[in-house]
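>>> Show me how the following folds:
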Amino acid sequence: MPARQTTLLSLSLLGLSALFPASAATYLAGGAYDYSDSSIYLAAGTDVSQRVSLHAQYLDAYEFVFRGTADIYLANGFSAIAGFSHYDYSSSDDTGTILGLGYKFAAGDVPMAIKGVKDTVGDGYYSFGVFAYVPLGRNLAIEASYKLNTDDVDNEMGLGVRFRF
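A predicted model of the protein is given here:
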């Protein structure tokens, strides 16, 4: 991973951990990711309050992709999603705004979420994602995701491990 991406990711993760105390929903995650030429992802997140959580995601697609979002919990499992994305290509870069809605629920003992968002990066695209977190213990889970993207943007699929602390 080039120094610029490592620095950006490190500062983002450090910022999340320094600004907010650890809660049951504070996590670090990473694993395999299929998007464009990507093969890995790293992610972190934490609850700021009972109604707001922050999330950061790094992908090694292109030069790198970074996404930062806030989930604002509304009611009955629904949340509003707002944030930004930054795509660094070898010859240029682009930053966009992310806006959408999410819904959290459980399928048996497996926490799940669905999210629909609009990302204005490039010419803009819509994304519909399904996320599942299979608990392996109190603080460890396997996470899996699939995102269907519009406007000729590659679909995304991830499989990794999430550690809560």
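>>> now residue 44: how far from residue 97?
21 Å (CB to CB, to the nearest Å). Every residue, glycine included, has its C-beta placed from N, CA and C.
>>> State the distance from the closest residue to residue 88 other than its chain neighbours to residue 42.
Nearest non-adjacent residue to residue 88, counting by CB to CB, 6 or more residues apart in numbering: residue 63, 4.1 Å away. Going from residue 63 to residue 42 by CB to CB gives 15 Å.
>>> Which one of those two is surrounded by more residues?
residue 42 (20 against 15; other CB atoms under 10 Å).
>>> In what element of secondary structure is that one found?
Residue 42 is part of strand 40-47 when elements are defined by DSSP states H and E.
>>> helices or strands up against that strand?
helix 3-19, strand 27-34, strand 52-59, strand 156-164 (3 or more CB pairs under 8 Å, 6 or more residues apart in numbering; DSSP states H and E).
>>> chain center to the third one, what's the gap?
Read that as strand 52-59. 5 Å (CA atoms, centre = their mean, to the nearest Å).
>>> Skip ahead from that strand and say which helix or strand is next.
Counting by DSSP H and E, what follows strand 52-59 is strand 64-73.
>>> And the helix or strand following that following strand, what's buried?
Heading C-terminal from strand 64-73, the first helix or strand you meet, by DSSP H and E, is strand 78-88. For strand 78-88, a neighbour-count test (16 or more other CB atoms under 10 Å) marks 79, 81, 83, 85, 87, 88 as buried.
>>> Quick one: residues in contact with stretch 157-165.
Outside of stretch 157-165, the residues within contact range by CB atoms under 8 Å, 6 or more residues apart in numbering are 22, 24-35, 41, 43, 133, 138-147.
>>> tell me which helix or strand of this structure sits lowest on mean pLDDT?
Among the helical and strand segments of the chain, the one scoring lowest on mean pLDDT, DSSP states H and E is helix 3-19, with a mean of 50.
>>> With that, I have no additional questions.
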